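Visitor: Quick check, what structure comes out for this input:
(chains A, B, C, D, E and F)
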Protein chains: 6
Amino acid sequence: MYAIRLGDDGAELRPLEPWHAEEFLAHLERGREFINQYVPFGSRATDVPTAREALQRYADLRAADTASLHGLWLDGRLVGGVLTLHFDAENGTCEVGCWLEPAATGRGLVTRAMRVLIDWAVEQRGIHRVEWVAAAGNESSLNTARRLGMTRDGVRREAHLHHGVRHDLEVWSVLAPEWRRTRARADR
Amino acid sequence: MYAIRLGDDGAELRPLEPWHAEEFLAHLERGREFINQYVPFGSRATDVPTAREALQRYADLRAADTASLHGLWLDGRLVGGVLTLHFDAENGTCEVGCWLEPAATGRGLVTRAMRVLIDWAVEQRGIHRVEWVAAAGNESSLNTARRLGMTRDGVRREAHLHHGVRHDLEVWSVLAPEWRRTRARADR
Amino acid sequence: MYAIRLGDDGAELRPLEPWHAEEFLAHLERGREFINQYVPFGSRATDVPTAREALQRYADLRAADTASLHGLWLDGRLVGGVLTLHFDAENGTCEVGCWLEPAATGRGLVTRAMRVLIDWAVEQRGIHRVEWVAAAGNESSLNTARRLGMTRDGVRREAHLHHGVRHDLEVWSVLAPEWRRTRARADR
Amino acid sequence: MYAIRLGDDGAELRPLEPWHAEEFLAHLERGREFINQYVPFGSRATDVPTAREALQRYADLRAADTASLHGLWLDGRLVGGVLTLHFDAENGTCEVGCWLEPAATGRGLVTRAMRVLIDWAVEQRGIHRVEWVAAAGNESSLNTARRLGMTRDGVRREAHLHHGVRHDLEVWSVLAPEWRRTRARADR
Amino acid sequence: MYAIRLGDDGAELRPLEPWHAEEFLAHLERGREFINQYVPFGSRATDVPTAREALQRYADLRAADTASLHGLWLDGRLVGGVLTLHFDAENGTCEVGCWLEPAATGRGLVTRAMRVLIDWAVEQRGIHRVEWVAAAGNESSLNTARRLGMTRDGVRREAHLHHGVRHDLEVWSVLAPEWRRTRARADR
Amino acid sequence: MYAIRLGDDGAELRPLEPWHAEEFLAHLERGREFINQYVPFGSRATDVPTAREALQRYADLRAADTASLHGLWLDGRLVGGVLTLHFDAENGTCEVGCWLEPAATGRGLVTRAMRVLIDWAVEQRGIHRVEWVAAAGNESSLNTARRLGMTRDGVRREAHLHHGVRHDLEVWSVLAPEWRRTRARADR
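Guide: Numbering: from 1, shown residues only, chains lettered A, B, ... in the order given. You can find the predicted model right below:
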């Protein structure tokens, strides 16, 4: 029922919930290889019940106010999403992340959605530090962090095991005052 | 982050969640006597922790896809809300309800919000029967049911104990085809 | 261990519990088609483990004091049962229901058992309103409601999806003072 | 609703359930010192909520089929009870126990109730070994074990800490064939 | 990480935990028939997931401080273990038990490990009564009880169903003062 | 029962468990201000029940194999401890941490304990990356990381809110091959 228009090209952000299981699965099937290149997002969702389980885990985390999952729809088709993770309102910190199927790349969808999501986290929920974690070779993800005005905090060396190989994880972040300055500049 | 404009008077519908506990409590304090006239909505929420508990119960039901809670904001102030209850997507049935503080009455807020909520239930979630339950003397609630094009199914005699007195509960409903006809007429 | 004689024809009412799983399954197998004509009672119980699960769900509801399940034995054979549902001692309301295999119909077994069950609910547990819900075409069930002195409260239109078809649900009820009058007349 | 007459003196055995909390508390208050002489039965139940909690623990164990709690009513007053504990239908073993308030002693109430309970365990549930555990000095309890035809299996030395003192626990038992012989003799 | 040397022959006692599942399974496979001669220890652990489940059950009991599981390693190979059961620090009682694969018998491994375990229970945790339960024909187990200075408390007749046959269970015990005297004598 | 000698000065490492609640509380009382200077370890443990709760949380995490808590005893007195956190055997990563009361500082206790703990994580459990997180100004903690041969991965800017002030968190790590080289050098 809720939807946020992200521009004039038919892009919308909506809560992604367990009842979207079939749509979520079809989307994953279109983008599985691409989406799982660096992280195992959705890799356990291989049929409708497991897709529902994956979405249910996020629904439960959302009820606990520690995560939230949002889908990106383009002309009515689910093509990716953004999420908050390790959301800790008391400590004022959260992580944010994203995924896209190949057909939806190159349009700035994630950047547009992230602006909405981080605005909400910072201005509505009092988050002070928003963190972005990307596998070291994931240029597309690192570019998004740059585009969002984030700073590179460091590299958690070999912290991630994926497809049998250890990967460095880059940690980027933006703090609330930085975010507000970036937004103010963008609005001028 | 999500919000649906309900008109030009600053009325908005948004998810109402545990982190709104303080705002929810302040709203209840303004309208407690009025809100609890017929049903005990929010009556256990008497300080911030119990207000958070009340909202958490709905957050948990939402994660289970059996209820959803939405606040009505007027010029940025929480003044009431609408909800789904006993939401059963498999059987195609749900109940809907509402509450308002006195200052927000007389503006058709609930009717406007209900149209959004029932549209979603019927068109997005496949609900066939939407039920409305009102205490027999609650004219304002019964009028809303009429305004939404609902039909009176019957009276569950003395089914509700409130403030030590037994009340009849009127049961009204609208079925999906009826809802669509009503909406079509309204759009002409 | 507990049993209530319902007359001189060998009919008895007893708690129906998880350890009856095999007996319950055999009974369902004899009456499945007939029992599931209007409601899906026991339809998930298709072998001993699922029969035990079905009974365990009622055992758990009983421990929470929100339901109770009682079997009807005729000459030592389980042939049906009666139950309370949505039992709410605080609000003074409950629903009651029943099921029978074909061989046990036509003897007034349910009516006899219901008298015991409703007496207990009203006189021991302080229930004020006892509700009976029946699919609109289920004449046998509607007749039992009449025989128990119940009043028709209304019809929840198309509220029940069964075997792919929507059914109206009739709601009947008897209130504590009505029940006592009916019982007093019967005892004269 | 279920009740088993234990004789002509108004003694009855009934399920003892959480909704009996007030009655259970009143009974404990009349007999607390006597009841707790050897075992701490009911010692945590000191007001209505804690009495309900004590009964709820047994209700939960009953739902899991590992215990059952039965009250003894004399002329409509709850005066004691009998119970099964460590009920293990798969292994064919259980423990049984009892308690009484002083006014109800000397009438053979426990012996009468135990016959019903052990008959059910042995004949309905397939229990092979019924165990009785009594503090070494508890002559009244030991006499009941003798009266039920039980055999002394041994003494678990200093196994029970009660009121700061260690007590031996006598273990008695009756096996299914022994129980049947005892019952057959009694019926002659 | 923790290990207790039990002598000069390479015998060690260590916590046995879920991550040992593969090692535990291999050990059971070597000794299954022998280990299950009298009790069903480990009989449900037939592959790595069920072996992990078996160890997880003990890990959960340990977190609740009601049991603890310790493996016996001989030259780096898991060959058996000792455990506490029904550990009740408040009441000052626990049961202890053991199992071995055939290749590890005849070396006094259990006796050595038990001395460490009972010392800890008695001296660190305040256990007053340590109980040993053995099937009546299990001479090896009964001899260990004797070797530990335990006393025979009695025989729970036909209390144990194993492989379709009922077995008597002997109950032995040692009390804290007895244990200390035995240890003092041994140290002289 | 398990203990690891850390040298000739009476220092020992042992599992720290819920039954240590009183000892843990006494230790916290001696060092609370010092221990909580940078992180809130143990700050909720203010009496025996809350101290037990704090230890129980770690006991539950240990049963889930995601953390472990170990106390440091000096001449029989609990003076601090080390722990694993976010232990993820599948991904091969964990965090380690420590705390001390003032009287126990300056003896290299944490470094000695960490060597045992990291050896176990790396050699027994297959952990590839061991992480150390310290508040930016906590020189003592940063020095321990250096002493353990760790590398500074970066600074999570203002990630930690403590006593109302935001602190940078330094992230250090050592990888399994690095750890082995460091240990080999130390052993020469």
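Visitor: contacts, neighbours, all on C-alpha from now
Guide: OK.
Visitor: Now the residue in chain A positioned nearest to chain D: which helix or strand?
Guide: Residue nearest to chain D within chain A: A:Asp60 (26.5 Å; C-alpha to the nearest C-alpha). Using DSSP states H and E, A:Asp60 maps to helix A:48-63.
Visitor: Same question for that helix: list its buried residues.
Guide: Residues of helix A:48-63 classed as buried: A:48, A:50-56, A:58-63 (neighbour count, 16 or more other C-alpha atoms under 10 Å in any protein chain shown).
Visitor: what about that helix and chain B, touching?
Guide: Yes - for helix A:48-63, a contact with chain B is found by C-alpha under 8 Å from any C-alpha of the partner chain, at A:56, A:59-60, A:62-63.
Visitor: Can I get the residues you listed in CSV including pLDDT and distance to E:Trp19?
Guide: Listed next are the residues of helix A:48-63 next to chain B as CSV, based on pLDDT from 0 to 100; distance: C-alpha to C-alpha, whole Å:
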residue, pLDDT, distance to E:Trp19
A:Gln56, 98, 28
A:Ala59, 98, 30
A:Asp60, 98, 28
A:Arg62, 98, 31
A:Ala63, 98, 32
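Visitor: Can you add distance to C:Thr144 and give these back as TSV?
Guide: Below are those laid out as TSV (distance: C-alpha to C-alpha, whole Å):
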residue	distance to C:Thr144
A:Gln56	43
A:Ala59	44
A:Asp60	44
A:Arg62	47
A:Ala63	44
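Visitor: Most widely separated two among those residues?
Guide: A:Gln56 and A:Ala63 (10.4 Å; C-alpha to C-alpha).
Visitor: Return every residue with contacts to both of these two.
Guide: B:Ala63 (C-alpha atoms under 8 Å, 6 or more residues apart in numbering or on different chains).
Visitor: residue of chain A with the smallest distance to chain E?
Guide: Chain E sits closest to A:Arg44 of chain A, with a gap of 18.7 Å, by C-alpha to the nearest C-alpha.
Visitor: do whichever helix or strand comes after the helix holding A:Asp60 and chain B meet at all?
Guide: Using DSSP H and E, the helix or strand that follows helix A:48-63 in sequence is strand A:68-74. No - Strand A:68-74 stays clear of chain B (C-alpha under 8 Å from any C-alpha), getting no nearer than 10.7 Å.
Visitor: So in that sheet, which strands flank the helix or strand just after strand A:68-74, and in what orientation?
Guide: Next along the chain after strand A:68-74, taking DSSP H and E as the criterion, comes strand A:77-88. When pairs are called by DSSP bridges, strand A:77-88 turns out to pair with strand A:68-74 (antiparallel), strand A:93-100 (antiparallel).
Visitor: rewinding a little: quick check: closest non-adjacent residue to the residue of chain A closest to chain E.
Guide: A:Thr50 (6.6 Å; C-alpha to C-alpha, 6 or more residues apart in numbering or on different chains).
Visitor: Would you reformat the strands paired with strand A:77-88 as TSV and include mean pLDDT?
Guide: TSV is the format used below for the strands paired with strand A:77-88 (pLDDT from 0 to 100):
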stretch	mean pLDDT
strand A:68-74	98
strand A:93-100	98
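Visitor: Quick one: those as TSV, columns for mean neighbour count too.
Guide: Shown next, in TSV, are the strands paired with strand A:77-88 (neighbours: other C-alpha atoms under 10 Å in any protein chain shown):
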stretch	mean neighbour count
strand A:68-74	22
strand A:93-100	22
